[in-house]
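[1] When you get a sec, could you give me coordinates for this:
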Amino acid sequence: MKKLHRNRLLGLVSLLILICLQAVGSSGSKPNFIVIFCDDMGYADIGPFGAKGYETPHLNRMASEGMIFTDFHVGRAVCSPSRSAIMTGSYPKRVSVNGNFSPTSKTGLNPEEFTIAEVLKQQDYATACFGKWHLGHEPEFLPPSQGFDEFYGLPYSHDMWDQHPENGSRYHFPVLPLYEGTRVINPALTVEDQEAHTRKLTERTVQFIEQNRTNPFFIYLPHPLPHVPLLMGPDFKGKTKRGAYGDVVEELDWSVGQILDALDTNGLRENTLVIFTSDNGPWLRYGDHGGSAGPLREGKGTHFEGGFRVPCVISWPGTIPSGTVNTQFAATLDLLPTFAALADTPLPPNRIIDGQDISLLLRGDEAPDYERTFFYYQGTNLSAVRHGKWKLIFPSSYTVWEKGNGGLPGQKRTRPTLPLSLFNLETDVGETTNVADQHPDIVTELQTIAANARQDLGDGKTAGANVRPLGNINR
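    Next comes the predicted model:
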């Protein structure tokens, strides 16, 4: 009887140990990371940043449970360079991604670079990319070659396609393919396929969460929208006062809700850091099919705040103080070093990482001043430099397009010229008043910083001292 009792006791102890191990596995000693990265969403395009004409209740929930960053920036105000910055923690110029990759490109993000996914794989994270990659479509450059266990989505923008439903594509590529890993599973997506795309990306994300609830994971969800053409599911079509743009954003918000619900259902909400942001500012040329930069000047493709400053909502219940507004400067460059610190994994060796660890900011601790230099690019030239509240823009011209409507882009353009201009972003976020004459000492200081940047990263056709090569299959 004693032996039987002892066996039952040992069995009960073993069961309790198993339950405890499962609980530890499901909560995880290391946090999960989900980055929801929209395309061409403007600063004022979601509820927490003042959107009008449609509702974003799930993003509102994220903001109320977490933190919004009001001074959050991307690496450059166009697609591929911006994506290289978030993946590598380095300025696009440093990794030689100076423009968008097209369907005929033989180049891409160098496989020798370390992406967020590869950094986290050092700690056995499961990794997935669902959505628009746009860092090279050759197998050597696709997500499975860059640290991701799974990839489902598009190799580049969904307007790089002759069947663009609104005005044709300047790339004249006959089809838009859908990939699973490095394999094309649908060589020619239809408009109907793309209308279902947000839902399918969301379903794949939820499925990955469920499959990996007992081990740490990183999900990169780069939505192809609200980049034109605007395509949404039937449940959202014609739903908002804002028209197609509002319909698309409401579906993206629905997607956020599905992901948050999946985390709740699987007991992972308090162990998962969720970030919602955009790759650059709004494509203002498309008028009612483009977004809004709100109080900021200009939009996508420019060196003004409307191109580089984007909405950012970060939620991590129990770690990030709820309902907080952070006004300190931060950037997509910071995600790689921040995730590495939180996962207790080393940064990539023998290379410059331009981002900073902002985990103290996320926790709401008394953090050191994160004031630092940040470089803005227009083309391959250094267009402006930011330090703290000051931003110096060098003499340049930029393009302003008339606004189109109904999905058609404006055709007329002007080329204003800007003199050497200094803006105090603390008091003039709209970059309306040039104060260079009042602060010659600040201008001189920022010109010195810019000179160092040109030596480090290069400018125009001049190569910088610390630039790493682009991936090229012809080498």
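[2] Which positions in stretch 270-278 come out as buried?
    Buried residues in stretch 270-278, counting neighbours by 16 or more other Cβ atoms under 10 Å, are found at 271-278. From N, CA and C alone the C-beta is placed, and that goes for glycine too.
[3] same check, this time on stretch 386-395
    Buried residues in stretch 386-395 (16+ other Cβ under 10 Å): 386-394.
[4] tell me the mean pLDDT for it?
    Across stretch 386-395, pLDDT averages out at 94.
[5] related to what we said a few turns ago, need the buried residues of stretch 270-278 in a markdown table with distance to residue 287, secondary structure and pLDDT, can you?
    Shown next, in a markdown table, are the buried residues of stretch 270-278 (distance: Cβ to Cβ, whole Å; DSSP: H, G, I helix; E, B strand; the rest coil; pLDDT from 0 to 100):
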| residue | distance to residue 287 | secondary structure | pLDDT |
| --- | --- | --- | --- |
| 271 | 42 | helix | 97 |
| 272 | 37 | strand | 98 |
| 273 | 36 | strand | 98 |
| 274 | 31 | strand | 98 |
| 275 | 29 | strand | 98 |
| 276 | 25 | strand | 98 |
| 277 | 23 | strand | 98 |
| 278 | 18 | strand | 98 |
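[6] Where do the domain boundaries of this structure fall?
    Split into domains by automatic domain parsing, the chain comes to 30-369, 374-472.
[7] which of the ones you listed is buried the deepest?
    Ranked by mean neighbour count under mean count of other Cβ atoms under 10 Å, these are led by domain 30-369, which reaches a mean of 21.
[8] how close does the closest residue to residue 38 other than its chain neighbours sit to residue 311?
    Distance criterion Cβ to Cβ, 6 or more residues apart in numbering; nearest residue to residue 38, sequence neighbours excluded, is residue 278 at 4.5 Å. Separation of residue 278 from residue 311 (Cβ to Cβ, to the nearest Å): 6 Å.
[9] how far does stretch 65-81 sit from the chain's center?
    7 Å (Cα atoms, centre = their mean, to the nearest Å).
[10] Pull up the distance across it, start to finish.
    31 Å (Cα to Cα, to the nearest Å).
[11] So for it, mean pLDDT?
    On average, stretch 65-81 scores 96.
[12] Do a quick rundown of the strands in the stretch 251-400 of the chain.
    Under the criterion DSSP state E, counting those that start in this stretch, the stretch 251-400 of the chain contains strands at 272-278, 312-315, 324-326, 330-331, 373-378, 381-387, 390-393, 396-397, 400-401.
[13] got those as a markdown table, with distance to residue 447 columns?
    Converted to a markdown table, those look like this (distance: least, Cβ to Cβ, whole Å):
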| stretch | distance to residue 447 |
| --- | --- |
| strand 272-278 | 31 |
| strand 312-315 | 30 |
| strand 324-326 | 29 |
| strand 330-331 | 22 |
| strand 373-378 | 12 |
| strand 381-387 | 8 |
| strand 390-393 | 7 |
| strand 396-397 | 15 |
| strand 400-401 | 26 |
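[14] To residue 94, which of those lies closest?
    Closest to residue 94 of those is strand 373-378 (Cβ to Cβ; 9.9 Å).
[15] before we move on, the earlier item: can you list residues touching both of residue 278 and residue 311?
    Common neighbours of residue 278 and residue 311 (criterion: Cβ atoms under 8 Å, 6 or more residues apart in numbering): 41-42, 45.
[16] Perfect, that will be all.
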